[in-house]
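Q: need the 3D shape of this:
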Amino acid sequence: SADAAEARVGERLDHFRIVELLGAGGMGAVYKAVDESLQRYVALKVVHAAGGSTAGNRRSDKIIEEARAQARVSHPNVVHIYYVGRDESSPFFAMELVSGPPLAELLDKGPLEFAEVINVALQLVDALEQSAAFDIVHGDIKPSNILIAGKQKSGRTLVKLSDFGLAQRLSKTDGQTGSITGTPDYLPPEAAAGEPLLQQSDMYSLGVTLFQLTFGRLPYPNETTSLMQKLEQHTSDPVKFPETWPLDVPEPWRDVLARMMAKKPADRYA
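A: Residues are numbered from 1 along each chain as shown. Predicted structure coming up:
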């Protein structure tokens, strides 16, 4: 609970002192903490205790393994992991503390300028190309997992992808195949069908994200609320592009987005 997460403020985990709760959810909590060995602030993500069961311990091992994989993807547009540890069988990570809010907050004000959409897209594709070299799939790309980390020299926004290679593993049910992982609005058709994720699965979720940044809405009608209807949309509905194309968005961008959101992974960009 949020109260239990708040109660940990002031505690120490290894050489980290928790100073502030940044957010809490179903899988754990994220804190601002001081790394007392290097005297710097970090984001500390504490995953809920595994409870001592064999499946729970296996889950903890898997999470730690994935965090180490993310640490190998050393890239300026990926939130860097500094340290992985356990606290009473509960895994935790110390990560780079990113100053800005998630991209989702910018969307509250409407679509981004097209040049900014392309700027964000290039940074994320570059990060995903690097991750492909390590055979890591993010599994949950969406505006709330893309953090604004300040400005580049050009004056454009610098973004970083968080929860890299962790999201899908964290949300998987232990030992269960065919379980659906990810966020319904951004779910690739193969994930909606319970199939394994591929590098092209990230392309689909990124396509949905870029569509939303471009047009200020999702590619399928928003009035759908049930999970089953959303899964059906991803697997069978055509993408609903604007009937009147915006003047400031180049027409060929439609083809790029359509290819990213192709129903079959083989039809998307690699």
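Q: and the residue nearest to P250 when sequence neighbours are not counted, how many neighbours?
A: Leaving aside its sequence neighbours, P250 sits nearest to F114 (Cβ to Cβ, 6 or more residues apart in numbering; 7.3 Å). In short, each C-beta sits where N, CA and C put it, glycine included. Residues within reach of F114, counting by other Cβ atoms under 10 Å, total 15.
Q: could you do V42 as well?
A: When neighbours are defined as other Cβ under 10 Å, V42 has 21 of them.
Q: before we move on, which element is it in?
A: Assigned by DSSP states H and E, V42 belongs to strand 40-47.
Q: other residues contacting that strand?
A: Identification of contacts with strand 40-47 by Cβ atoms under 8 Å, 6 or more residues apart in numbering yields 8, 13, 16, 18-19, 22, 27-35, 60, 63, 79, 82-83, 87, 90-98, 170.
Q: buried residues, that strand. List them.
A: V42, A43, L44, K45, V46, V47 (16 or more other Cβ atoms under 10 Å).
Q: same thing with stretch 191-211?
A: Buried, per 16+ other Cβ under 10 Å, within stretch 191-211: 191-192, 197-211.
Q: for stretch 125-145, which outside residues touch it?
A: Contacts of stretch 125-145 (Cβ under 8 Å, 6+ apart): 69-70, 72-73, 75, 77-78, 102-104, 106-107, 124, 161-165, 167-169, 171, 181-183, 185-186, 191, 197-199, 201-203, 205-206, 208-209, 212-213.
Q: what mean pLDDT does that stretch have?
A: Throughout stretch 125-145, pLDDT has a mean value of 89.
Q: in it, what counts as buried?
A: The neighbour-count check on stretch 125-145 (16+ other Cβ under 10 Å) flags 125, 127-128, 130-131, 136-145 as buried.
Q: check these and tell me the two furthest apart.
A: Across those, the longest distance by Cβ to Cβ is 21.6 Å; it joins Q130 and S144.
Q: the residue nearest to P250 against L213, yeah?
A: No: the pair F114 / L213 is not scored as a contact, 9.3 Å apart, by Cβ atoms under 8 Å.
Q: so where is the stretch 51-200 of the chain shaky, pLDDT-wise?
A: Scanning the stretch 51-200 of the chain for pLDDT under 70 picks out 51-53, 55-56, 59, 89, 164-182.
Q: show me the strands in the stretch 1-150 of the chain, by range?
A: Per DSSP state E, counting those that start in this stretch, the stretch 1-150 of the chain carries strands over the ranges 12-13, 16-24, 28-35, 40-47, 81-87, 90-95, 146-151.
Q: can you put those in CSV and add distance to W245?
A: CSV is the format used below for the strands of the stretch 1-150 of the chain (distance: least, Cβ to Cβ, whole Å):
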stretch, distance to W245
strand 12-13, 52
strand 16-24, 38
strand 28-35, 40
strand 40-47, 40
strand 81-87, 41
strand 90-95, 40
strand 146-151, 25
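Q: which of these sits most buried?
A: Burial of the strands of the stretch 1-150 of the chain is given as mean neighbour count (mean count of other Cβ atoms under 10 Å); strand 90-95 ranks first at a mean of 23.
Q: which other helices and strands does that one contact?
A: Counting by 3 or more Cβ pairs under 8 Å, 6 or more residues apart in numbering; DSSP states H and E, the packing neighbours recorded for strand 90-95 are strand 40-47, helix 54-72, strand 81-87.
Q: mind listing residues that contact the shortest one?
A: Defining contact as Cβ under 8 Å, 6+ apart, one finds that strand 81-87 is touched by 13-14, 16, 35, 42, 46, 60, 64, 67-68, 70-71, 91-96.
Q: what is the mean pLDDT for stretch 251-268?
A: Taken as a whole, stretch 251-268 has a mean pLDDT of 97.
Q: quick one: buried residues of it?
A: For stretch 251-268, a neighbour-count test (16+ other Cβ under 10 Å) marks W253, R254, L257, A258, M260, M261, A262, K263, P265, R268 as buried.
Q: perfect, I'm done here.
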